[in-house]
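Novice: Sequence and predicted structure, then a few things I'm wondering about:
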Number of protein chains: 6
Amino acid sequence: MKALVVSPHPDDEVLGVGGTIARLTAEGSEVTVVIVTRGWEPLFPDSQVEQVRTEASEANKLLGVKSLRFMDLPVTRLNAIPKHELNSGFERLMEEEKPELVFLPFCGDRHEDHRQVFDACMVALRPGQGRKYVRQILCYETVSETHWSGPYIEPCFQPQLWVDISSQLPVKLEAMRRYKSQLRQHPDARSIEAISSLAKWRGSIAGMSAAECFIVVREHWMA
Amino acid sequence: MKALVVSPHPDDEVLGVGGTIARLTAEGSEVTVVIVTRGWEPLFPDSQVEQVRTEASEANKLLGVKSLRFMDLPVTRLNAIPKHELNSGFERLMEEEKPELVFLPFCGDRHEDHRQVFDACMVALRPGQGRKYVRQILCYETVSETHWSGPYIEPCFQPQLWVDISSQLPVKLEAMRRYKSQLRQHPDARSIEAISSLAKWRGSIAGMSAAECFIVVREHWMA
Amino acid sequence: MKALVVSPHPDDEVLGVGGTIARLTAEGSEVTVVIVTRGWEPLFPDSQVEQVRTEASEANKLLGVKSLRFMDLPVTRLNAIPKHELNSGFERLMEEEKPELVFLPFCGDRHEDHRQVFDACMVALRPGQGRKYVRQILCYETVSETHWSGPYIEPCFQPQLWVDISSQLPVKLEAMRRYKSQLRQHPDARSIEAISSLAKWRGSIAGMSAAECFIVVREHWMA
Amino acid sequence: MKALVVSPHPDDEVLGVGGTIARLTAEGSEVTVVIVTRGWEPLFPDSQVEQVRTEASEANKLLGVKSLRFMDLPVTRLNAIPKHELNSGFERLMEEEKPELVFLPFCGDRHEDHRQVFDACMVALRPGQGRKYVRQILCYETVSETHWSGPYIEPCFQPQLWVDISSQLPVKLEAMRRYKSQLRQHPDARSIEAISSLAKWRGSIAGMSAAECFIVVREHWMA
Amino acid sequence: MKALVVSPHPDDEVLGVGGTIARLTAEGSEVTVVIVTRGWEPLFPDSQVEQVRTEASEANKLLGVKSLRFMDLPVTRLNAIPKHELNSGFERLMEEEKPELVFLPFCGDRHEDHRQVFDACMVALRPGQGRKYVRQILCYETVSETHWSGPYIEPCFQPQLWVDISSQLPVKLEAMRRYKSQLRQHPDARSIEAISSLAKWRGSIAGMSAAECFIVVREHWMA
Amino acid sequence: MKALVVSPHPDDEVLGVGGTIARLTAEGSEVTVVIVTRGWEPLFPDSQVEQVRTEASEANKLLGVKSLRFMDLPVTRLNAIPKHELNSGFERLMEEEKPELVFLPFCGDRHEDHRQVFDACMVALRPGQGRKYVRQILCYETVSETHWSGPYIEPCFQPQLWVDISSQLPVKLEAMRRYKSQLRQHPDARSIEAISSLAKWRGSIAGMSAAECFIVVREHWMA
């Protein structure tokens, strides 16, 4: 199977899909990760951007990702890009990758970039004759952009899909440790303890030692 | 794969899942259909009950269903059965069938029986150690119990899963024709034209000639 | 009665309201259709824009529309127009037309232009002393911008109003055929078969041979 | 026009629809009010039941109601009545009255009786060949059963229809005063001040001096 | 402050509110816990009921609860009790306890008893002259009745209130260990690891080492 | 307690929070009001801007507000400001004010500025180590931006918090009268009668003579 993980910023792909990526690659699937944005001077010095990029490479290599792509769109400024340009960029991406399985950030996340990426990808993934390759579109949760929205007054994350990552939790955590610049100390939301607790709690709901959960946005059983 | 279709009344299974049943059985899956209720005297004369049962047998045979079961609970009176009894009945059913794929009526349907069946099955399907066999729980739509509820003030049917039944639509319609006693003339909601139009419209959204759509209630990727 | 149909792009008015427009004009109502956007070079060559405009004229003439207006805002770029300008444009439109009945695209549609048009019109239609002429604001569905959104995580289309268009379905389909450049082959979402199936299915829910369905956004029974 | 107001308990019809009833009868419509339940010994002494019934007669006479019917189902015990019996009762009612316009209590109201009445009426009002007379089904709000539910976790009352009752507010309040046994002192939810404030506030949203607001559950434009 | 925790079954109060109870009692509040149901022969032998009751006493003593009450309603049969009786029982409870802070199970929980208890308590807690003592009504989450419902099609648990229980997590877990008969092994939903992970993850969202989260159903700032 | 009221335009703070501000200041809390936008030439002549500013000063002085701040962002153009700039502005504000209690406009309001302010403030108020001072984030309602949205298809205002302002209603109305340029005649939504009716009706739901109601977005009980 061919999978595509769309990650607005470096580390979102590990936070939300790390264990599942590791499981998919171990099972023989080909996974592409696309990092949508990059920082820009002067808010983000090039050296810092370079460091995070190196971390991303290491983390994704650990998960078995063969193709790590960078779209280099400007971080926090996606909503300033004309819609048709943003959409076209993702349409080209889909045409090139032809993924069967797509992981998107959640449209209710606190971070505007996540909302923009979800929206543009949903346009790029409109079903139809030309895109028969897509079998499942999933939204992942990102600690804690996904959990900082207004309850009920903004879209809420209620997953339907439980992926058992009991065997992959260690490598997920290890991948996250490679993102040294993004990791925080417990009890911060972006700490090893937080990530691990979420996986264990989600898992326990379905009798799994650890799980990653996803919203099923669309699923096709082709003829 | 082992699939179970829970049908509150005879014909719900054809209306909501007919094409998918035919596709599953053609692909080698083993499908069990359970009709939950039966009519009772004097509202429903035994002769009439018998006729519908014969129709059910013919229709389901046509779809390739090997096991057609009748729970014989009293129609329109499910909410009068003590909850723990109703739940136990469905727990036994799940233990016996151990289905990987389960089709349920929708909890927002106009008919109280549909709501009760959904609720009891969801209790019987609580995930956990003993029920690792369940991979996907789906809700189907029933013309027109599913579309007669109050918009927004009762749960609404917004499917995530599209199953291409282009090749199975004819047999679905044929199966429905076997339910002579339930079929109505166009433009009634339970007419061949209505069923066919729904399948074509749903399909067109995803570039398929015909489709059945389902809500993904839960999906497990076991280790 | 005076009705106004706001259509983000040419053909949305036929897809969503075609049968109802034909019914209203046949019953003596005066219907104005406003096409909000137009394509721009180089993405949309002028010749193509001209062709679509001709198609729009023919289609709307067929439906009995007397006044077809073009706002000529740039397609896919509505969100780049300052809000107060966009809102003012629609406020002027409402003042000029003073419609009793208004048809808007749905705010949950996949296409950003539809969302922007809904939003600006809702501002322009805020109730109050100066706008006592508005009796009903409705949202229509557009195959398939309306059905390509994320279930439950984006606003969903759950109509309350059923308009019987049994006698108008043929002219609706005929009007759509005039939009040669927009029409696709079955099983595409924008095909005659898809449009027809939706009308028949919607109708069957209410015992009508064909129907167009609408969300009731606001309705006023003036003194 | 023929209208039917379904009121679970005496006074709900005045609280939710009083002004609109007065307006409809003044405009020549024929309005029937059905009081669904009655109290039973020993919780509700017969003398008290008799008093409320007299109040109901006076109040509804004031509003111009010609037909005031009593179904005499046991108050607070509707959920103990077999569903098919409850539903049949309302189906007979609809057949006898053949209303074009129906007012129902809201399914999200705190009082279980309101929920049961909504549910049974929605079954009785399923659209179809035999019930072509129904043009609009509306839900009204009842101070304060409608406003005592859990925000977002129970169905919420978000009206679409504004009925100007500027001229009818006095008679609505007068009708409510006839329900001496049900009226409370300000600032109780069932006080003249509360009812009046709600009407004024609802009205102000649409530039009316006073309004009653309704949820549009279903509306049919018949051929 | 006077707090009341309404627990449908023994252990729900620890699972959902254990840490907060311990914190409240440590801070000098007076907490009453009410266990609503008890098992009945032959499904639940008296010896087993007795054992759970002893466990409940020990667990709640550990948390500092002074008053542990048993309503002894029949487990899984709450919906068979006439509504007015059930409601009256809780109205008497509220009158006796006059709590300022009330903890209820969630109306979207999988277990029907939880739904019935929520509903009856909401009736008993209708605001008004006689119940000015209530300052806050909260819903707690119960692993995993709260997380086994259908996403989006049943009410979902989206908390607004974060209570820091970093210092109380050990005693919460210890209290749960006293419920020997209810505790399961990891990775069951009702295991120490699951409870602990949930507390840590919820906490991390707000920068706390551990938290219990609640839905704010109603809050009053009295004059 | 330290409270912060974020008001997109002058008078929103009085409409939504006027009574509660007066109550808080009377009880000894320190309240800061921030007016986010100002008008700009030529749509809003400087003289008019100056007048409104004077009105704001008088109104807020009356309510006991000590610190009235102006951010001077361009009215109706907030969505044209780069997100990271808008967010940073509010982050600085929070750092300077360190409020325990924050009042925000509602994200479902008709006016785009209200939505932008909500969004930017929610980013600025993400919980975590550095922002432990925040105890409660509330959304207020603004007549009638809050009540002009599409029912169910846009976020709806369902408050959880009732603040008794029986003693503060007169000063709230008096403060609103200072906003001469913003006040309209009854039955306009922004009239004294409308504001007063809303307060009385909201109050009556909870047995209070007058109330302001709020959505509880987040509440923290710190250790």
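Specialist: Received the coordinates, thanks. Numbers count the residues shown, from 1 in each chain, chains lettered A, B, ... in the order given.
Novice: Tally up the residues packed near whichever residue of chain A sits closest to chain D, please.
Specialist: Residue nearest to chain D within chain A: A:Y152 (3.8 Å; CB to the nearest CB). (Each C-beta comes from the backbone N, C-alpha and C, glycine too.) Residues near A:Y152, counting by other CB atoms under 10 Å in any protein chain shown, number 20.
Novice: that's a strand at A:V36, yeah?
Specialist: Yes - under DSSP: H, G, I helix; E, B strand; the rest coil, A:V36 falls within a strand.
Novice: helix, strand or coil for the residue of chain A closest to chain D?
Specialist: Strictly by three-state DSSP, A:Y152 counts as coil.
Novice: quick one, the lengthiest strand in chain A and strand B:211-221 angle?
Specialist: Longest strand in chain A, counting residues (DSSP state E): strand A:211-221. Strand A:211-221 runs at 160 degrees relative to strand B:211-221, counting by axes from the mean of the first three to the mean of the last three CA atoms, to 10 degrees.
Novice: who does strand A:211-221 touch, helix- and strand-wise?
Specialist: helix A:12-26, strand A:136-140, strand A:161-164, helix A:192-205, strand B:161-164, strand B:211-221 (3 or more CB pairs under 8 Å, 6 or more residues apart in numbering or on different chains; DSSP states H and E).
Novice: The third one and chain B, any residue contact?
Specialist: Yes - when contact is scored as CB under 8 Å from any CB of the partner chain, part of strand A:161-164 falls within range of chain B: A:161-164.
Novice: most surrounded residue in those residues?
Specialist: Most neighbours among these, by other CB under 10 Å: A:V163, with 26 neighbours.
Novice: about what we covered before: Provide the strand pairings for the longest strand of chain A, with the direction of each partner.
Specialist: strand A:136-140 (antiparallel), strand A:161-164 (antiparallel), strand B:161-164 (parallel) (DSSP bridges).
Novice: Please work out which residues outside the longest one touch it.
Specialist: Residues from elsewhere that reach strand A:136-140, judged by CB atoms under 8 Å, 6 or more residues apart in numbering or on different chains: A:12, A:15-17, A:100-107, A:118, A:122, A:125, A:157, A:161, A:212, A:214-220, C:150, C:153.
Novice: Select the longest helix from chain A.
Specialist: helix A:46-62 (DSSP state H).
Novice: what's the average pLDDT for the helix or strand that that one is followed by?
Specialist: Using DSSP states H and E, the helix or strand that follows helix A:46-62 towards the C-terminus is strand A:67-74. Here strand A:67-74 scores 97 as its mean pLDDT.
Novice: can you list the residues of chain A near chain B?
Specialist: So chain A meets chain B at A:23, A:127-129, A:132, A:160-164, A:166-167, A:205-208, A:216-223 (CB under 8 Å from any CB).
Novice: What remains of the residues you listed if I keep only buried residues?
Specialist: Using 16 or more other CB atoms under 10 Å in any protein chain shown as the burial test, these include A:23, A:127-128, A:132, A:160-164, A:166, A:205-208, A:216-221 as buried.
Novice: circling back: and the longest helix of chain A, is it in reach of chain F?
Specialist: No - using CB under 8 Å from any CB, helix A:46-62 never reaches chain F; the gap is at least 15.6 Å.
Novice: Using a markdown table, lay out the strands paired with strand A:211-221 together with mean pLDDT.
Specialist: Formatted as a markdown table, those follow (pLDDT from 0 to 100):
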| stretch | mean pLDDT |
| --- | --- |
| strand A:136-140 | 98 |
| strand A:161-164 | 98 |
| strand B:161-164 | 98 |
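Novice: is it true that A:A199 touches A:Q168?
Specialist: No - if you go by CB atoms under 8 Å, A:A199 and A:Q168 don't touch, sitting 9.3 Å apart.
Novice: Now do the shared contacts for these two.
Specialist: Common neighbours of A:A199 and A:Q168 (CB under 8 Å, 6+ apart) are A:19, A:210.
Novice: how close does A:S191 get to E:P187?
Specialist: The gap separating A:S191 from E:P187 is 22 Å, by CB to CB, to the nearest Å.
Novice: These two - which one has more neighbours?
Specialist: Per other CB under 10 Å, whichever of A:S191 and E:P187 has more neighbours is E:P187, with 23 against 18.
Novice: dump the residue contacts of the nearest residue to the more buried one once chain neighbours are set aside.
Specialist: What sits nearest to E:P187 in space, not counting adjacent residues and going by CB to CB, 6 or more residues apart in numbering or on different chains, is A:S209, at 4.5 Å. By CB under 8 Å, 6+ apart, the residues touching A:S209 are A:164, A:166, A:169, A:200, A:203, E:186-187.
Novice: three-state assignment of A:S209?
Specialist: Here A:S209 is recorded as coil under three-state DSSP.
Novice: circling back to that earlier point, buried ones among the contacts of strand A:136-140?
Specialist: A:12, A:15-17, A:100-107, A:118, A:122, A:125, A:157, A:161, A:212, A:214-220, C:150, C:153.
Novice: Tell me how many other residues surround A:E58.
Specialist: A:E58: 16 neighbours (other CB under 10 Å).
Novice: ignore the last one, A:I192
Specialist: A:I192, neighbours per other CB under 10 Å, totals 17.
Novice: mind listing what it touches?
Specialist: Here A:I192 is in contact with A:173, A:176-177, A:183, A:186 (CB under 8 Å, 6+ apart).
Novice: at 10 Å instead, please
Specialist: Contacts for A:I192 were tallied using CB atoms under 10 Å, 6 or more residues apart in numbering or on different chains; they are A:172-174, A:176-177, A:183-186.
Novice: By neighbours, which of these wins?
Specialist: Within the contacts of A:I192, A:K172 tops the neighbour count with 28 neighbours, counted by other CB under 10 Å.
Novice: Could you report the pLDDT at the spatially closest residue to A:S7 that is not a sequence neighbour?
Specialist: In space, and not counting its chain neighbours, A:S7 is closest to A:E13: 3.8 Å by CB to CB, 6+ apart. Per-residue pLDDT puts A:E13 at 98.
Novice: Verify the stated contact: A:E13 with A:G19.
Specialist: No - counting by CB atoms under 10 Å, A:E13 does not reach A:G19; the two are 11.3 Å apart.
Novice: Residues that sit against both of these two, list them.
Specialist: Between them, A:E13 and A:G19 share the contacting residues A:63, A:175, judged by CB under 10 Å, 6+ apart.
Novice: Spit out the contact partners of A:I81.
Specialist: A:I81 touches A:73-74, A:87, A:89, A:116, A:120, counting by CB under 10 Å, 6+ apart.
Novice: got the residues of chain A near chain F?
Specialist: A:43, A:74-80, A:110-113, A:115-116, A:144-145, A:147-155, A:184-185, A:187-190 (CB under 10 Å from any CB of the partner chain).
Novice: Buried by neighbour count, from these: which ones?
Specialist: Using 16+ other CB under 10 Å, the buried members of the residues of chain A next to chain F are A:74-79, A:110-113, A:115-116, A:144-145, A:147-155, A:187-190.
Novice: Could you tell me which of those residues belong to strands?
Specialist: Filtering those for strands - DSSP E - leaves A:P74.
Novice: Among the buried ones among the residues of chain A next to chain F, name the ones in helices.
Specialist: Per DSSP H, helices hold the following members of these: A:112-113, A:115-116.
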